[in-house]
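[1] For reference, the sequence and a predicted model appear below.
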There are 2 protein chains.
Amino acid sequence: PPGRKVLIVYAHQEPKSLNGSLKRVAVEELSKQGCSVTVSDLYAMQFEPRATRNDIVDCLHNSEEFNYGVETWEAYKRGGLSSDLVEEQKKVQEADLLIFQFPLYWSSMPAIMKGWMDRVLVQGFAHEFPNCYDSGLLKNKLALFSFTTGGSKEMYANGGISGDIRYVLWPMQHGIMHFCGVKVLAPHICFAPEYVSEEKRKEMLIAWAQRLKTLWKEEPINCSPEWYFK
Amino acid sequence: PPGRKVLIVYAHQEPKSLNGSLKRVAVEELSKQGCSVTVSDLYAMQFEPRATRNDIVDCLHNSEEFNYGVETWEAYKRGGLSSDLVEEQKKVQEADLLIFQFPLYWSSMPAIMKGWMDRVLVQGFAHEFPNCYDSGLLKNKLALFSFTTGGSKEMYANGGISGDIRYVLWPMQHGIMHFCGVKVLAPHICFAPEYVSEEKRKEMLIAWAQRLKTLWKEEPINCSPEWYFK
């Protein structure tokens, strides 16, 4: 609906890929609805995935023994985080919905996107004990993981050789988003696009556009072990 | 035992950290046993986590549409992968045992280590359909995930707020190592070292050294859903 803000965190090297098309479809459809859409195109930004001392621009809280979690927490409080992180945090703060668009790499997100999680969601900004899970600092936001797989739907079925696809969603949806208080919408999964026809891939794009039309009416999933491991 | 080769893939910024000590203990204990130990110290190496076109040194197989999986597979076959990857693949090839030592970041490994998985374990080298899972190309090797957590043992208990710690091991142990044919030893987990006494942290180091003394007699876990989600 008009006025809603969406951040798409996107990790694919190739604009012509299905991931690139899925990202474009989301920008188009959500813009058409009157949403304001921002894209963090991580490869194009050459986003830094490594969590290092460089993320703190000024002096360290404890220069004797570097502790990344403590240092970024302290730096956040005094405004001493590197500008690329501050930039991403602003985008997150303003967003009502975060969409993560990526190809599944090794049962998880590509390292460049994991680095976005590791570096952007610092303590003090996204969570601060005891403000985690339902009381995480990013509550009132929604997240949606939209990804492609190498393996087929059969491989990722319950009882399939790769295990239920929901198993790999636990660390991402519960371990990261739910921890920060973000409510999670059902994932959007395109299975094995490299092994289907051009026709089928087009259907995948249409299905995504269709889902986006009624996305704001969706209820979040119940992000507890039952959803993942029933 | 004498002659066994071990690769420790290590991801912590601070040598004085518990992770740094756990790594040193492993190097010392395994060397004492006569093993030959190699360490990939990812932060010290400034290891590149991003999967990009730079990983292929020569021409692309298809320069019209970049596909990382296909390009690295093709480059592997013709010897066209970047030297940092070739270097890591040699270490993996020679190793009988891979130890991954890291702090758990967001229910998974730090991005710099995820990048090691994404970039080093290329098709043709680590797997090549149908050679995956029990027939993966790295069979006859062992892997062990050794990590520290922020959350306590109670939070990671079955029924705890963060869910059974085994849930987060599925993507790493089954999704990556088992997929490549590597047999997985039980993980080694130090819970919440930042919240315990110096005395307790010393006990953690001693316990790790003790375990390593009889490590070669251990049986791998049964890396199937039952182990993780029973």
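    Cool, got the structure.

[2] what pairs with the residue most central in space within chain A across the strands?
    The centroid of chain A falls nearest to residue A:100 when counting by C-alpha atoms, centre = their mean (3.5 Å). Taking DSSP bridges as the rule, residue A:100 bridges to residue A:9, residue A:145.

[3] list the contacts for it?
    Residue A:100 is in contact with A:8, A:9, A:109, A:113, A:143, A:144, A:145, A:146, A:147, A:172, counting by C-beta atoms under 8 Å, 6 or more residues apart in numbering or on different chains. For the C-beta atoms, the positions are set from N, CA and C on the backbone; glycine is no exception.

[4] Skip the chain neighbours and tell me the closest residue to the residue lying farthest from the centre of chain A.
    When distances are taken from the C-alpha mean of chain A, residue A:64 lies farthest, 33.9 Å away, according to C-alpha atoms, centre = their mean. Counting by C-beta to C-beta, 6 or more residues apart in numbering or on different chains, the nearest residue to residue A:64 once its immediate chain neighbours are dropped is residue B:16, at 7.8 Å.

[5] same deal with residue A:218?
    Using C-beta to C-beta, 6+ apart, the closest residue to residue A:218 is residue A:185 (5.5 Å).

[6] and the one you found, how many neighbours?
    Neighbour count of residue A:185, defined by other C-beta atoms under 10 Å in any protein chain shown: 21.

[7] quick one: the strands in chain A?
    Listed in chain order, the strands of chain A (DSSP state E) span A:5-10, A:36-41, A:97-103, A:142-148, A:183-184, A:188-190.

[8] The fifth one and chain B, are they touching?
    Just to be clear, that refers to strand A:183-184. No - using C-beta under 8 Å from any C-beta of the partner chain, strand A:183-184 stays clear of chain B, coming no nearer than 13.8 Å.

[9] Can you list the strands that that strand pairs with?
    With DSSP bridges as the test, strand A:183-184 is paired with strand A:142-148 (parallel).

[10] What are the contacting residues of the partner strand?
    A:18-19, A:22, A:26, A:96-104, A:109, A:169, A:172-173, A:177, A:182-191, A:193, A:208, A:215, A:220.

[11] Would you list the buried entries among those?
    Among these, the ones that count as buried by 16 or more other C-beta atoms under 10 Å in any protein chain shown are A:18-19, A:22, A:26, A:96-104, A:109, A:169, A:172-173, A:177, A:182-185, A:187-191, A:193, A:208, A:215.

[12] Tell me how far stretch A:103-120 lies from the chain's centre.
    With C-alpha atoms, centre = their mean, to the nearest Å as the basis, stretch A:103-120 stands 8 Å off its chain's centre.

[13] Kindly report the same for stretch A:138-156.
    Using C-alpha atoms, centre = their mean, the offset of stretch A:138-156 from its chain centre is 9 Å.

[14] What of stretch A:94-108?
    Averaged C-alpha coordinates place stretch A:94-108 at 3 Å from its chain's average position (C-alpha atoms, centre = their mean).

[15] Span of that stretch from start to end?
    End-to-end span of stretch A:94-108 (C-alpha to C-alpha, to the nearest Å): 26 Å.

[16] Spatially, what comes nearest to residue A:153 if we skip its sequence neighbours?
    Nearest one to residue A:153, counting by C-beta to C-beta, 6+ apart, is residue A:191 at 4.3 Å.

[17] I figured that neighbour was touching residue A:160, is that so?
    No - between residue A:191 and residue A:160 there is no contact under C-beta atoms under 8 Å: 11.1 Å.

[18] what pLDDT does residue A:180 get?
    As predicted, residue A:180 sits at a pLDDT of 98.

[19] ok, it - how many residues close by?
    23.

[20] residue contacts, it?
    Residues near residue A:180 by C-beta under 8 Å, 6+ apart: A:121, A:126, A:127, A:132, A:136, A:137, A:138.

[21] now swap in residue A:41 and tell me
    Shown in contact with residue A:41 (C-beta under 8 Å, 6+ apart): residue A:10.

[22] pLDDT score for it?
    In this prediction residue A:41 is given a pLDDT of 98.

[23] residues in contact with the residue nearest to residue A:153?
    Contacts of residue A:191 (C-beta under 8 Å, 6+ apart): A:148, A:149, A:151, A:152, A:153, A:156.

[24] Check the gap between it and chain B for me.
    Separation of residue A:191 from chain B (C-beta to the nearest C-beta, to the nearest Å) stands at 15 Å.

[25] cool, residue A:200 as well?
    Residue A:200 sits 17 Å away from chain B, going by C-beta to the nearest C-beta.

[26] which residues touch the nearest residue to that residue once chain neighbours are set aside?
    Distances taken as C-beta to C-beta, 6+ apart place residue A:193 nearest to residue A:200, at 7.8 Å, with adjacent residues excluded. By C-beta under 8 Å, 6+ apart, residue A:193 lies in contact with A:18, A:148, A:200, A:201, A:204.

[27] Just the buried ones among those residues, please.
    Looks like those have A:18, A:148, A:201, A:204 buried, using 16+ other C-beta under 10 Å.

[28] Make JSON lines out of these and add pLDDT.
    Compiled in JSON lines, those are given as follows (pLDDT from 0 to 100):
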{"residue": "A:18", "pLDDT": "98"}
{"residue": "A:148", "pLDDT": "98"}
{"residue": "A:201", "pLDDT": "97"}
{"residue": "A:204", "pLDDT": "98"}
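
[29] what's the nearest residue to residue A:179 if we skip its chain neighbours?
    residue A:132 (5.3 Å).

[30] That neighbour: neighbour count?
    20.

[31] so who does it touch?
    Shown in contact with residue A:132 (C-beta under 8 Å, 6+ apart): A:179, A:180, A:181.

[32] Over to residue A:82?
    Counting by C-beta under 8 Å, 6+ apart, residue A:82 has contacts A:54, A:55, A:56, A:57.

[33] which of those residues lies closest to residue B:42?
    The closest of the contacts of residue A:82 to residue B:42 turns out to be residue A:54 (C-beta to C-beta; 15.2 Å).

[34] In terms of pLDDT, where does the closest residue to the closest one other than its chain neighbours sit?
    In this structure, residue A:54 finds its nearest non-sequential neighbour in residue A:82, 6.4 Å apart by C-beta to C-beta, 6+ apart. Residue A:82 carries a pLDDT value of 98.

[35] my guess is residue A:75 meets residue A:59, correct?
    No - under the criterion of C-beta under 8 Å, residue A:75 makes no contact with residue A:59, lying 9.6 Å away.

[36] between those two, who's got more neighbours?
    Between residue A:75 and residue A:59, counted using other C-beta under 10 Å, residue A:75 has the larger neighbour count: 22 against 9.

[37] And that one, what's its pLDDT?
    Note for residue A:75: predicted pLDDT of 98.

[38] swap in residue A:1?
    Predicted confidence (pLDDT) for residue A:1: 79.

[39] Give the burial count for it, as a bare number.
    The local packing of residue A:1 (other C-beta under 10 Å) involves 8 other residues.

[40] same deal with residue A:58?
    Neighbour tally, residue A:58, other C-beta under 10 Å: 9.
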